[in-house]
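*Asks:* sequence below, structure please.
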Amino acid sequence: METLGEDYTWENITEDTPDGYSLTLFTITGDADGEPVTNQGSKGPVLLMHGLTLDSIAWFNKKDFAEKALATQLTDEGYQVYFGNVRGTPNSR
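*Replies:* Here you go, the predicted model:
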């Protein structure tokens, strides 16, 4: 379990495909202490997929540093957030 820059912990889930790719999916697991975020997952799962030439870290990019990134906003609102990575990104080779 590692800590995100916004004081959330996460874990990675890796699956190997039959043709040899290792695909990695990340999920927020809790706050900086590893404790579940209040109501986390009560509204169900959300899968965030990045755009072309990006990877899952794109969901933590933001223009206004006073605001939370979309991924952490969704977690705080009660969703279990997952981040996928398409083939060819650093997390899916």
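*Asks:* need the contact list for residue 77.
*Replies:* Going by C-beta atoms under 8 Å, 6 or more residues apart in numbering, residue 77 touches residue 43. C-betas here are computed from N, CA, C, even on glycine.
*Asks:* and the gap between it and residue 29?
*Replies:* 16 Å (C-beta to C-beta, to the nearest Å).
*Asks:* could you count how many residues lie near residue 12?
*Replies:* Residues lying near residue 12 (other C-beta atoms under 10 Å) number 14.
*Asks:* could you list the low-pLDDT ranges of the chain?
*Replies:* 1-6, 59-66, 88-93 (pLDDT under 70).
*Asks:* which residue ranges of it form helices?
*Replies:* Under the criterion DSSP state H, the chain contains helices at 70-76.
*Asks:* look up how far residue 74 lies from the residue positioned nearest the centre of the chain.
*Replies:* Centroid-nearest residue in the chain, with C-alpha atoms, centre = their mean: residue 83, separated by 3.9 Å. Remark: distance between residue 83 and residue 74 (C-beta to C-beta) = 11 Å.
*Asks:* strands of this protein, residue ranges please.
*Replies:* For the chain, applying DSSP state E gives strands covering 2-3, 8-16, 22-31, 45-49, 80-84.
*Asks:* what sits closest to residue 76 if chain neighbours are left out?
*Replies:* Excluding its sequence neighbours, the residue lying closest to residue 76 (C-beta to C-beta, 6 or more residues apart in numbering) is residue 37, at 6.3 Å.
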